[in-house]
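> Would you be able to build a 3D model of this:
(one chain, ligands or ions: 1)
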Amino acid sequence: MEQATTHRTHWINGKPWTGAAATRGDIYNPATGRVSGTVDYATAAEVDAAVAAAAAALPGWRETSLVRRAAVLFEFRELVRKHSGELAARITAEHGKVVSDAAGEVARGLEVVDFACGIPHLLKGGFSENVSTGIDAYSIRQPVGVVAGITPFNFPAMVPMWMFPIALACGNTFVLKPSEKDPSASLLLAELLAQAGLPDGAFNVVHGAKPAVDALLSHPDVRAVSFVGSTPIARYVAETATSHGKRVQALGGAKNHMVVLPDADLDLAADAAVNAGFGSAGERCMAISVLVAVDPIGDELVGKIADRIGKLTVGPGDAEGSEMGPLVTRDHRDKVASYLDSGVAEGATLAVDGRDHPVTGGAADGFWLGPTVLDHVTPQMRAYQDEIFGPVLSVVRAGSYARALEIVNANPYGNGTAIFTNDGGAARRFTHEVEVGMVGVNVPIPVPMAFYSFGGWKSSLFGDTHVHGTEGVHFYTRGKAVTSRWLDPSHGGVNLGFPVNQ
Ligand code: NAD
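Next comes the predicted model:
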């Protein structure tokens, strides 16, 4: 049930902020198109307060034993499991995705918590005894300090959970700036961290838009920034934070291609294209937005996809039976819908027009757009070049595998891709040749498990470290190498020479 009175504010030093905000934003329920609440926007002063809380908590938290830090995460894991229904409901109410999908995002976020629970093992360093006589060498990794996370609207629980469980496990303290469009899930996560025993100030949430982000990017006490969002903002965040001397990983937008070779199982490929193209209304950074059909299977494949789309139920995310919800905002829906006209104007064919798709049980003012297929798209078209980030699948026809690969590799984005084929040699060649960070073989959304790292290439990533997995641990720690000698009777006396191994 929609709560017209919901008001969200920052979470600083273990509790909700009690000040009076200079600005607030509206939160919408995308399924009704109505305002469901408001959220305070931070100025530099609130960001300062959050960073100060994180800085004050840092000495105590980084000295907390590894085993104790892991124990807090184990407790947090249980609490998130217990509250996963409530988290999913908050996500659906503000993002619009169907509840099962929201629950799926919580589950994928929890996998990173599972991974972070293994931090005592993950932070084991190397040790070499007797690198010179009586001298030992070892490596350790230490926390970087206060770190910031800036996250997008499309995964309001999972993307923050890509970051803070590992950052906290490594001994850092954290300031999260979630998307202002769906701020509520992050606040429940903050409450659960506090219940799990995380000390006050170790995890803070500030809401807002560019001023809040800019204050984090230039704050002298923020040592590292993790960002996930669109490419222009990722580039800006990377450049700005780097110019302020911070370590940055900034994951950007995507245009994920699914290549279907003529020998593929076309029913499997059609199911996969529909799942990956229209799940979460295409608002996933790993959504398939371009299908590259290698001749001669294009017409048959588009026909199978159209049949499946006809059976999809589009409706409110919290209604039983809904398979696809609305888009996140009215502006975004209108922008996505504009590509249907521009695509046709540039010569594409509207094989399935999502504007005609029935909406089951949805309010007239909801931000609806049904699944759409634009066929005969070419790389010159705007619908191909832009990241649409909605339920629009563009089909590009290619005469050969070589041409399909050329199309994928010429695209400026390099987040995810997939190949559908029964030919192991072709699949192996594609995984070897494609210039994309995450590759699926007969798997349309190859999101790596938490113990691998997630990240793209080219304009999909600024900075060189992917998130979670061992790269996540690396990002949130600094390496130190120690060379150590303890005096013993055979130390050999004074020697001013450069220490070399004889
Ligand atoms: P966005 O770039 O508009 O916003 C991301 C974050 O940046 C938000 O917290 C927002 O408040 C902030 N922001 C927005 N404009 C800003 C500005 N001018 N200056 C400073 N900060 C600003 O992205 P979005 O619309 O929330 O999310 C969708 C985008 O995120 C898509 O492009 C999608 O591909 C991308 N995404 C990428 C990944 C990935 O792993 N590569 C994952 C999820 C989403």
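> Contact partners for Trp368?
314, 326-327, 333, 359, 362 (C-beta atoms under 8 Å, 6 or more residues apart in numbering). To be clear about C-beta, it is placed using only N, CA and C from the backbone, and glycine gets the same treatment.
> swap in Gly25?
So Gly25 contacts 38-39, 41, 180, 207-209 (C-beta under 8 Å, 6+ apart).
> Buried ones among those?
38-39, 41, 180, 207-208 (16 or more other C-beta atoms under 10 Å).
> Filter the contacts of Gly25 to keep only those in contact with the ligand.
Restricting the contacts of Gly25 to those within reach of the ligand (C-beta under 6 Å from any ligand atom) leaves 180, 209.
> quick check, nearest of the contacts of Trp368 to Gly33?
Distance to Gly33 across these (C-beta to C-beta) is lowest for Pro326, with 8.2 Å.
> which parts of the chain sit against the ligand?
Near the ligand, when you scan the chain using C-beta under 6 Å from any ligand atom, you find 150-155, 159, 177, 179-180, 209-210, 213, 228-230, 233, 251-254, 285, 387, 389, 415, 456, 460.
> Quick one: the strands in the stretch 251-400 of the chain, in order.
256-260, 288-294, 349-352, 372-375, 392-398 (DSSP state E, counting those that start in this stretch).
> Which of these sits closest to Asn422?
That would be strand 256-260 among these, by C-beta to C-beta, at 11.3 Å.
> Phi first, then psi, for the spatially most central residue of the chain.
Ranked by distance to the mean C-alpha position of the chain (C-alpha atoms, centre = their mean), the top residue is Val159 at 4.1 Å. Backbone torsions for Val159, taken as degrees, to the nearest 10, come to phi -70, psi -40.
> Looks like Ala50 contacts Asn204 (just checking).
Yes - between Ala50 and Asn204 a contact is recorded at 4.0 Å, counting by C-beta atoms under 8 Å.
> overlap in contacts of those two?
10, 12, 175.
> The ligand: which of those residues is nearest?
Val175 (12.4 Å; C-beta to the nearest ligand atom).
> what's the stretch of helix or strand that closest one belongs to packed up against?
For Val175, the host element (DSSP states H and E) is strand 173-177. Helices and strands touching strand 173-177, by 3 or more C-beta pairs under 8 Å, 6 or more residues apart in numbering; DSSP states H and E, are helix 44-63, strand 146-150, helix 158-169, strand 203-205, helix 210-218.
> ok, residues contacting the following helix or strand past that strand?
The element immediately downstream of strand 173-177 (helix or strand, assigned by DSSP H and E) is helix 184-195. Residues outside helix 184-195 that contact it (C-beta under 8 Å, 6+ apart) are 6, 8, 11, 14, 16, 27, 37, 72, 75-76, 79-80, 83, 86-87, 90-91, 93-94, 151, 156-157, 160-161, 164, 168, 176, 178, 200, 202-205.
> Stretch 77-84 now?
Counting by C-beta under 8 Å, 6+ apart, 87, 103, 106-107, 109-110, 113-114, 117, 188-189, 192, 195-196 sit against stretch 77-84.
> export the strands of the stretch 251-400 of the chain to a markdown table and tack on mean pLDDT and mean neighbour count?
Converted to a markdown table, the strands of the stretch 251-400 of the chain look like this (pLDDT from 0 to 100; neighbours: other C-beta atoms under 10 Å):
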| stretch | mean pLDDT | mean neighbour count |
| --- | --- | --- |
| strand 256-260 | 98 | 27 |
| strand 288-294 | 98 | 26 |
| strand 349-352 | 98 | 17 |
| strand 372-375 | 98 | 26 |
| strand 392-398 | 98 | 24 |
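> hmm, back to that, out of the helices and strands packed on strand 173-177, which gets nearest to Arg247?
Of all these, strand 146-150 comes closest under C-beta to C-beta, at 8.4 Å.
> List only those of the contacts of stretch 77-84 flagged as buried.
87, 103, 106, 109-110, 113, 117, 188-189, 192, 196.
> on that earlier part again, closest to the ligand among the contacts of stretch 77-84?
Distances from the ligand to the contacts of stretch 77-84, taken by C-beta to the nearest ligand atom, are shortest for Gly109, at 12.5 Å.
> quick revisit: just flag the most distant two among the contacts of Gly25.
Thr38 and Ala209 (13.8 Å).
> Tell me which stretches of the stretch 1-150 of the chain form strands.
6-8, 11-12, 15-16, 23-29, 34-41, 127-132, 135-143, 146-150.
> winner for burial among those?
strand 146-150 (a mean of 28; mean count of other C-beta atoms under 10 Å).
> Could the C-alpha coordinates of that strand be exported in PDB?
Extracted in PDB, the C-alpha atoms of strand 146-150 (Å, rounded to 0.1, in the frame of the first residue of the first chain):
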ATOM      1  CA  VAL A 146      37.000   6.500   4.700                       C
ATOM      2  CA  VAL A 147      35.600   5.400   1.400                       C
ATOM      3  CA  ALA A 148      32.500   6.600  -0.500                       C
ATOM      4  CA  GLY A 149      30.100   4.700  -2.700                       C
ATOM      5  CA  ILE A 150      27.800   6.400  -5.200                       C
END
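> picking up where we left off before, got a winner among the contacts of Trp368 for most neighbours?
Highest neighbour count within these: Pro326, with 31 neighbours (other C-beta atoms under 10 Å).
> Make sure that residue is actually in contact with Gly362.
Yes - Pro326 lies in contact with Gly362 (C-beta under 8 Å); the separation is 7.0 Å.
> anything in contact with each of those two?
With C-beta under 8 Å, 6+ apart as the test, Pro326 and Gly362 both reach 31, 316, 368.
> coming back round to it: quick one: the helices and strands packed on strand 173-177 as CSV, columns for distance to Gly310 and mean pLDDT too.
Below are the helices and strands packed on strand 173-177 laid out as CSV (distance: least, C-beta to C-beta, whole Å; pLDDT from 0 to 100):
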stretch, distance to Gly310, mean pLDDT
helix 44-63, 49, 98
strand 146-150, 40, 99
helix 158-169, 30, 98
strand 203-205, 42, 99
helix 210-218, 42, 98
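> Assign Arg223 to helix, strand or coil.
strand (DSSP: H, G, I helix; E, B strand; the rest coil).
> ok, and the closest non-adjacent residue to it?
Gly145 (3.9 Å; C-beta to C-beta, 6 or more residues apart in numbering).
> count of residues packed around that neighbour?
Residues near Gly145, counting by other C-beta under 10 Å: 19.
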